[in-house]
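> Build the 3D model from these lines:
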Amino acid sequence: MRKSYKRRGGQILVMTTFALIPMFGILGLVVDIGYMEFVKQSAQTAADAAAMAALLRYQSTTFNSTFTCGSGGVVCQAATSCNPAPTNYLNSGCQYAALNGFSSSGNQNVTMAAGTGVPPTAAGVSSSQYWITARVTQSVPQLFSAVLGNSTGLVAARATASLNPSKDCMYVMAPTGTAVSMSGTPSITSACGLYINSSDPSALHGNGTPTLSASEIDIVGGYSFGGTLNPNPPSTGVASMADPLAALPAPSVGAGCDFSAGTYSGTINPGIYCGGIHVGNSTVTFNPGLYILKGGAISTQSANSVIQGTGVTIYNTYDAGNPYTGFNIKATSTVSLTAPTSGTYAGVLIMEDRSISAGTYSDVFGGGSSAAYTGIIYGPKSNMTFHGNASLTAYTIIVSYTLSMVGTTAINNDYSSLPTGSPIKVTALVE
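Next comes the predicted model:
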């Protein structure tokens, strides 16, 4: 009997030993898969950061080829260094991948690809101006499951960020208080959206029987509106955002003046106007180009004042002898101005000096029932009043601090004259 027990004990030991081998293999496989999943999540974070960072740095230069981090003298090996510093947007993506622990060295590889149009790897995207894809891979040595012959495993992650035209065309940037006001019976119809950055419960205020209709109305705070809203209710509690044109460079302003203050008529040329441009009972035609106004801005006298021009950008600023002044274009005057369609200021009709304190000056943009401001009116620090009917324009984009809408206004969003659509773009991860 004792020999029988010994034989059984020996058999159990042998069977247990054989059973432990696959058990350890399975255990090792579970551990290795778990670790690889952790590495994959880290790689995905790095890819997301790289794609978004590169796209956010992108502005006007296009890189249409693939790019490997670490090539061309660009080394981003440590979380605290990138030598040399990023010199283009794709290099910036490499740096952000490195900050998240991934670079093209050892068992890791990071590549960037970019191009115009629809990203080839994002099936759900039907339109895009520009895209950047980051790919991150890492070969992961296997631990326990190496017993089963799996010495390494490959982890890969991919992210694509896309640059698309914004759906909004009115941005009101005051962070507090009533930002958009309509009193009486004004009517606004917009083919694009309105964004209101104020967190005030009455960030959008309508008194009387105003009508506001837009493709979307997004408000950080709330609204108090006595008239008609469409959509109703608007979206409230949305995230605050920064100036959408903060990256737009201000024109270089030379010393001195090309023209002095006065009442103008006939055709005028680009240059530096000190003291502003006043239009009396006459017609002033702006030749194409950049107009720099040092104090005085542009003002009109009456219904007999006519302003017209195509391919025009107007920059309103000041100097020591010419204090800053807002625009004062009477509601009854006639205005037909169109921004350039190419160059740095493509789509930019009016730009105001950002150094002026927010809310300390006012602009009045009138122009009667046939007013046509085709382009961006960019006054992020301005208390702006907008009159008239812009239905004849292809597009109008307004960026202001506060906005008061008066009269009947229609705003369109036909950007077909511009090479990349709306000058204001939004970035998003699309895969």
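> Could you check how far residue 393 is from residue 331?
Distance of residue 393 to residue 331, computed by CB to CB, to the nearest Å: 17 Å. Backbone N, C-alpha and C define where each C-beta goes, glycine included.
> what pairs with whichever strand or helix holds residue 337, and is each one parallel or antiparallel?
Secondary-structure element containing residue 337, defined by DSSP states H and E: strand 334-338. Applying DSSP bridges, strand 334-338 is found paired with strand 306-310 (parallel), strand 372-386 (parallel).
> Could you break the protein into its assigned domains?
2-165, 242-422 (automatic domain parsing).
> Shouldn't residue 91 be within a helix?
Yes. Residue 91 forms part of a helix when assessed by DSSP: H, G, I helix; E, B strand; the rest coil.
> Now do it against residue 112, distance only.
8 Å.
> higher neighbour count, those two?
Higher neighbour count among residue 91 and residue 112: residue 112, with 26 against 22, using other CB atoms under 10 Å.
> Isn't that one up against residue 134?
Yes. Counting by CB atoms under 8 Å, residue 112 does reach residue 134; the two are 5.6 Å apart.
> between those two, what contacts are shared?
50, 54, 93 (CB atoms under 8 Å, 6 or more residues apart in numbering).
> Quick check: pLDDT value at the last one.
If you check residue 93, the pLDDT there is 81.
> Which pLDDT does the model give residue 122?
Listed pLDDT for residue 122 reads 82.
> and if you look at residue 391?
pLDDT, residue 391: 56.
> And the contacts of the next helix-or-strand element following the strand holding residue 337?
Per DSSP H and E, the first helix or strand lying C-terminal to strand 334-338 is strand 348-352. The contact list for strand 348-352 (CB under 8 Å, 6+ apart) reads 248, 250-251, 312-317, 327, 337-340, 345, 363, 373-382, 423.
> mind running it again at 6 Å?
The contact list for strand 348-352 (CB atoms under 6 Å, 6 or more residues apart in numbering) reads 313, 314, 315, 316, 337, 339, 375, 376, 377, 378, 379.
> From the chain's centroid, how far away is the helix or strand following that strand?
Next along the chain after strand 348-352, taking DSSP H and E as the criterion, comes strand 362-365. A distance of 25 Å separates the centroid of the chain from that of strand 362-365, by CA atoms, centre = their mean, to the nearest Å.
> Who are the packing partners of strand 362-365?
Contact analysis of strand 362-365 by 3 or more CB pairs under 6 Å, 6 or more residues apart in numbering; DSSP states H and E lists strand 372-386 as its packing neighbours.
> relative to strand 348-352, how tilted is the strand it packs on?
30 degrees (axes from the mean of the first three to the mean of the last three CA atoms, to 10 degrees).
> State the mean pLDDT of strand 372-386.
94.
> Could you do stretch 288-307 as well?
Computed over stretch 288-307, the mean pLDDT rounds to 94.
> Kindly export that stretch (C-alpha atoms) in PDB.
Extracted in PDB, the C-alpha atoms of stretch 288-307 (Å, rounded to 0.1, in the frame of the first residue of the first chain):
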ATOM      1  CA  PRO A 288      -6.300  98.200 -53.100                       C
ATOM      2  CA  GLY A 289      -3.700  97.900 -50.300                       C
ATOM      3  CA  LEU A 290      -3.000  98.500 -46.600                       C
ATOM      4  CA  TYR A 291      -4.200 101.700 -44.900                       C
ATOM      5  CA  ILE A 292      -2.700 102.500 -41.500                       C
ATOM      6  CA  LEU A 293      -4.600 105.000 -39.500                       C
ATOM      7  CA  LYS A 294      -2.800 106.800 -36.700                       C
ATOM      8  CA  GLY A 295      -5.600 108.300 -34.700                       C
ATOM      9  CA  GLY A 296      -8.800 109.600 -36.100                       C
ATOM     10  CA  ALA A 297     -10.000 106.300 -37.700                       C
ATOM     11  CA  ILE A 298     -12.600 106.800 -40.400                       C
ATOM     12  CA  SER A 299     -15.700 109.000 -40.000                       C
ATOM     13  CA  THR A 300     -18.500 110.100 -42.300                       C
ATOM     14  CA  GLN A 301     -20.800 113.100 -42.300                       C
ATOM     15  CA  SER A 302     -24.200 112.100 -43.700                       C
ATOM     16  CA  ALA A 303     -26.200 110.200 -46.200                       C
ATOM     17  CA  ASN A 304     -24.200 111.900 -48.900                       C
ATOM     18  CA  SER A 305     -21.000 110.200 -47.700                       C
ATOM     19  CA  VAL A 306     -19.900 107.300 -49.800                       C
ATOM     20  CA  ILE A 307     -17.000 104.900 -49.100                       C
END
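> tell me which residues in that stretch are buried?
Residues of stretch 288-307 classed as buried: 290-300, 305-307 (neighbour count, 16 or more other CB atoms under 10 Å).
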